[in-house]
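Asks: Structure of the sequence below:
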Amino acid sequence: MKKILIIALLALTLSAWMDPFKDEVEKGNKSYADNNPAKALEHYKEAEKHTSSNKKKEMLNFNKGDAHYKLEDYDQAIEKFRDSISSGDADIQKKALFNMGNTYIKQKKYKEAADSFIKALEIDPNYEKAKKNLEYLLKKQENKEQNNNSNSDSNSSNNNKNEDQKKSEKNLNDDQVKNLLESMKNKPVRQQKGKGNGKRTLEKYW
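Replies: You can find the predicted model right below:
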């Protein structure tokens, strides 16, 4: 009887120590850090098989989004980040929105990117990275408007072509610019010399 009890205790200890979900996530994170997002994605998918927790699945969707981003599969990245937003965890939500914004920048969908950063700031008004990226978008918009104004006289014959190009690039509209200004007017973030704008930096959940 004593021997059976010892074996049972050992089995419980071993099952508690072994966590295939955690192991696969750690392997995935290591592969991601080693710049092998395809392998990371395999581990994240394997980890999902070892959990029924919606919370953990949402966390996995976040990491899958990062891996798809690295693979330049931006549509899938956005889908996974969007799935992770359904989490009730504000930290996951704001970081997923931030990463969605970065992904939209890669696709040159600047309006959608700005929307994502603004939503992240609605969750956390002091989210510095989102503020910096909004300033990047706003500056990009201002520079484009200045270039368009300076070229309007000399390139009047190309007006129709420029209008088509504007539509295809999905730039920010006037209302969007106003929203950007409103979001940043209380605590604007100015980039420090040598720090860059951070627009290519993804957030990681763990």
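Asks: Buried residues, stretch 20-31. List them.
Replies: Neighbour counts over stretch 20-31 (16 or more other CB atoms under 10 Å) mark 21, 24, 25, 27, 28, 29, 31 as buried. Yep, even glycine has a C-beta here, placed from its N, CA and C like the rest.
Asks: Please apply the same query to stretch 55-73.
Replies: Across stretch 55-73, burial judged by 16+ other CB under 10 Å covers 56-70, 73.
Asks: coming back round to it: redo the buried residues of stretch 20-31 as JSON lines? Include secondary structure.
Replies: Listed next are the buried residues of stretch 20-31 as JSON lines, based on DSSP: H, G, I helix; E, B strand; the rest coil:
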{"residue": "21", "secondary structure": "helix"}
{"residue": "24", "secondary structure": "helix"}
{"residue": "25", "secondary structure": "helix"}
{"residue": "27", "secondary structure": "helix"}
{"residue": "28", "secondary structure": "helix"}
{"residue": "29", "secondary structure": "helix"}
{"residue": "31", "secondary structure": "helix"}
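Asks: Using PDB, write out the CA atom coordinates for the helix or strand residue 30 falls within.
Replies: Per DSSP states H and E: residue 30 is located in helix 20-33. C-alpha atoms of helix 20-33 as PDB (Å, rounded to 0.1, in the frame of the first residue of the first chain):
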ATOM      1  CA  PRO A  20       3.800  20.400 -22.600                       C
ATOM      2  CA  PHE A  21       2.100  23.700 -23.300                       C
ATOM      3  CA  LYS A  22       4.800  25.700 -21.500                       C
ATOM      4  CA  ASP A  23       7.500  23.600 -23.100                       C
ATOM      5  CA  GLU A  24       6.200  24.200 -26.700                       C
ATOM      6  CA  VAL A  25       5.700  28.000 -26.000                       C
ATOM      7  CA  GLU A  26       9.300  28.200 -24.800                       C
ATOM      8  CA  LYS A  27      10.600  26.400 -27.800                       C
ATOM      9  CA  GLY A  28       8.600  28.700 -30.000                       C
ATOM     10  CA  ASN A  29       9.900  31.800 -28.300                       C
ATOM     11  CA  LYS A  30      13.500  30.500 -28.700                       C
ATOM     12  CA  SER A  31      12.900  29.800 -32.400                       C
ATOM     13  CA  TYR A  32      11.400  33.300 -32.800                       C
ATOM     14  CA  ALA A  33      14.500  34.800 -31.000                       C
END
